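Asker: Have a look at this fold, sequence not included:
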């Protein structure tokens, strides 16, 4: 069953300027539609069937369109006719920007959208997928920092105020990471700042036991549901030089206690490249996986038992470099390969028990080449891959093409992949010294507090 709600405003956002169009794709007649409320009935005086084009004869479904023109009472529309449950279900199918606009229609819709139960409904809905964030950092002029978020459901980039994702400048942060609904930043004072994404509510941790730069960071929930942060690897400077002998213990932070717990360090195999510049990571089924982008070493840290698995090498034939990504119920490796037909971007499914790999798909070569120009052997060196849910983003971290990107959607039932180019970033786009990219789910409550103008809704 599919159900769509179209809000068609005429001018300003006033309740009297909206009408509601419901379209149902049903395998059975309308009378058997399972409405949320057991006693719910369609109000006959207020609905009209819309003529529709017939479906192909071999289609098992029928399409019924219903337009509600809610009762008028003293020049006000009675939106309660749909009922709370059905209205919640319908609104949950809208893209996030449309939900924000819908929250301005009337008090009932605002109360529905603002309710915690509605956020839970969104988080479990397949119609709302994680957003792709791209943050540009300028080390000289902070005013040139920029933040963008791509909503795959509406296929739109949203420019964001940098203050929502960058920490206050007086903290002198030296790295920025996004993970599992949080933004984290390491400071020059061996502390971390963290904030729920898009909330601009920064909290400072107690000092790390081991100061470090460019570590891997993950956010996870323990068995009791409490949020914790894990910091892995990174580099330590002594007299301006990197100390490659210090392996730096893993540290796990518990916000409720404001305390760090020491755990075994990264295996010695990663010593030659143990920062986020050389490593990628993935949280999957209670483990924090660390993967060498160029070395192809892989090991996993058990988040409850606090031990590292044996280091293995995960290198499909022809791979130059690759990234490990957690996609719903599977680990995926995205890697650039050298083939007789030229470079290609391949995806492999990883068996987390045996570390065996099987190819999922190959990115269409024309899409890959549109992300880059020039003929140099190193033109693909700026390729980057991130992902979450069933989406994997492939993009170019170089400025000269304004960070072009493509997205691959992996069908959860068939496993088939569909690729497409995503729109260009909205101009103007500044030049950055560093680009931070990650995917994250979006807490609707934080967006509502920001307001629609802030996210370009």
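Answerer: Yes, it's here. Everything quoted here is computed from the prediction, not taken from an experiment. Numbering: from 1, shown residues only.
Asker: contacts, neighbours, all on C-alpha from now
Answerer: Will do.
Asker: Residue 256: how many residues sit nearby?
Answerer: Counted with other Cα atoms under 10 Å, residues neighbouring residue 256 total 9.
Asker: Equivalent analysis for residue 445, please.
Answerer: Neighbours of residue 445 under the rule other Cα under 10 Å: 16.
Asker: Then residue 233?
Answerer: Other residues near residue 233 come to 28 when the count uses other Cα under 10 Å.
Asker: Report the contact partners of it.
Answerer: By Cα atoms under 8 Å, 6 or more residues apart in numbering, the residues touching residue 233 are 212, 215, 216, 247, 248, 249, 250, 265, 266, 274, 275.
Asker: looking at it, the third one is touching residue 248, isn't it?
Answerer: No. Under the criterion of Cα atoms under 8 Å, residue 216 makes no contact with residue 248, lying 11.9 Å away.
Asker: So between those two, which is more surrounded?
Answerer: Taking neighbours as other Cα under 10 Å, residue 216 and residue 248 compare with residue 248 leading, 25 against 21.
Asker: What is the three-state secondary structure of that one?
Answerer: Put simply, residue 248 is coil when judged by DSSP: H, G, I helix; E, B strand; the rest coil.
Asker: That one reaches residue 265, doesn't it?
Answerer: Yes. Assessed by Cα under 8 Å, residue 248 is found in contact with residue 265 at 5.7 Å.
Asker: what sits in contact with each of those two?
Answerer: Jointly contacting residue 248 and residue 265 under the rule Cα under 8 Å, 6+ apart are 232, 233.
Asker: Distance from stretch 391-398 to the middle of the chain?
Answerer: Distance, stretch centre to chain centre, for stretch 391-398: 13 Å (Cα atoms, centre = their mean, to the nearest Å).
Asker: Give me the contact list for stretch 136-151.
Answerer: If you take Cα under 8 Å, 6+ apart as the criterion, stretch 136-151 is touched by 129-135, 156-162, 165, 425, 429-436.
Asker: that older thread, top of the contacts of residue 233 by number of neighbours, please.
Answerer: Highest neighbour count within the contacts of residue 233: residue 274, with 27 neighbours (other Cα under 10 Å).
Asker: residues contacting that one?
Answerer: By Cα under 8 Å, 6+ apart, the residues touching residue 274 are 215, 233, 234, 235, 266.
Asker: List only buried entries from the contacts of stretch 136-151.
Answerer: The neighbour count (16 or more other Cα atoms under 10 Å) marks 129-135, 156-160, 162, 165, 425, 429, 431-432, 434-435 as buried among the contacts of stretch 136-151.
Asker: about what we covered before: looking at the contacts of stretch 136-151, which are in strands?
Answerer: Members of those lying in strands (criterion: DSSP state E): 131-135, 156-160, 434-436.
Asker: just those residues now: which is nearest residue 229?
Answerer: Nearest to residue 229 among the ones in strands among the contacts of stretch 136-151 is residue 436, at 18.6 Å by Cα to Cα.
Asker: Is that closest one in contact with residue 166, as I believe?
Answerer: No. Under the criterion of Cα under 8 Å, residue 436 is not in contact with residue 166, lying 10.8 Å apart.
Asker: shared neighbours of those two, anything?
Answerer: Shared contacts of residue 436 and residue 166 (Cα under 8 Å, 6+ apart): residue 176.
Asker: would you list every one of the helices in the stretch 301-450 of the chain?
Answerer: With helices called from DSSP state H, counting those that start in this stretch, the stretch 301-450 of the chain shows them at 365-370, 444-450.
Asker: Return the most buried member of those helices.
Answerer: Ranked by average neighbour count under the criterion mean count of other Cα atoms under 10 Å, the helices of the stretch 301-450 of the chain are headed by helix 444-450 at a mean of 17.
Asker: which stretches of this protein have low pLDDT?
Answerer: 1-81, 123-127, 172-174, 189, 237-246, 374-377, 399-401, 449-457 (pLDDT under 70).
Asker: on that earlier part again, just the closest of the contacts of residue 274 to residue 398, please.
Answerer: Distance ranking of the contacts of residue 274 against residue 398, using Cα to Cα, places residue 215 first at 22.4 Å.
Asker: Pull the contacting residues for the closest residue to the closest one other than its chain neighbours.
Answerer: Nearest non-adjacent residue to residue 215, counting by Cα to Cα, 6 or more residues apart in numbering: residue 234, 3.7 Å away. By Cα under 8 Å, 6+ apart, residue 234 lies in contact with 212, 213, 214, 215, 216, 248, 274, 275, 276.
Asker: any chance of the residues you listed in a markdown table, plus secondary structure and distance to residue 358?
Answerer: Shown next, in a markdown table, are the contacts of residue 234 (DSSP: H, G, I helix; E, B strand; the rest coil; distance: Cα to Cα, whole Å):
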| residue | secondary structure | distance to residue 358 |
| --- | --- | --- |
| 212 | coil | 36 |
| 213 | strand | 35 |
| 214 | coil | 31 |
| 215 | coil | 30 |
| 216 | strand | 27 |
| 248 | coil | 34 |
| 274 | coil | 27 |
| 275 | coil | 28 |
| 276 | coil | 26 |
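Asker: Could you dump those residues into TSV with distance to residue 442 added?
Answerer: Shown next, in TSV, are the contacts of residue 234 (distance: Cα to Cα, whole Å):
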residue	distance to residue 442
212	29
213	27
214	25
215	24
216	22
248	32
274	30
275	27
276	24
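Asker: Which two among the residues you listed are spaced furthest apart?
Answerer: Within the contacts of residue 234, 248 and 276 form the most distant pair, 13.8 Å apart (Cα to Cα).
Asker: Distance of residue 440 relative to residue 282?
Answerer: In this view, residue 440 and residue 282 are 13 Å apart by Cα to Cα, to the nearest Å.
Asker: which one of these two has more residues nearby?
Answerer: Under the neighbour definition other Cα under 10 Å, residue 440 and residue 282 were set side by side, and residue 282 has more, 25 against 21.
Asker: Report the beta-bridge partners for that one.
Answerer: When bridges are called by DSSP bridges, residue 282 pairs up with residue 289.
Asker: any chance you could map the strands in the stretch 151-300 of the chain?
Answerer: Ranges of strands within the stretch 151-300 of the chain are 156-160, 173-179, 182-187, 192-196, 203-204, 216-221, 227-232, 237-238, 241-242, 250-254, 259-263, 279-284, 287-292, 297-302, based on DSSP state E, counting those that start in this stretch.
Asker: for the fifth one, packing partners?
Answerer: Put plainly, it is strand 203-204. On a contact count with 3 or more Cα pairs under 8 Å, 6 or more residues apart in numbering; DSSP states H and E, strand 203-204 meets strand 192-196.
Asker: hmm, try it at 10 Å
Answerer: Judged by 3 or more Cα pairs under 10 Å, 6 or more residues apart in numbering; DSSP states H and E, strand 203-204 is in contact with strand 182-187, strand 192-196.
Asker: ok, back up a step: any idea which of the contacts of residue 274 is closest to residue 85?
Answerer: Distances from residue 85 to these, taken by Cα to Cα, are shortest for residue 215, at 45.1 Å.
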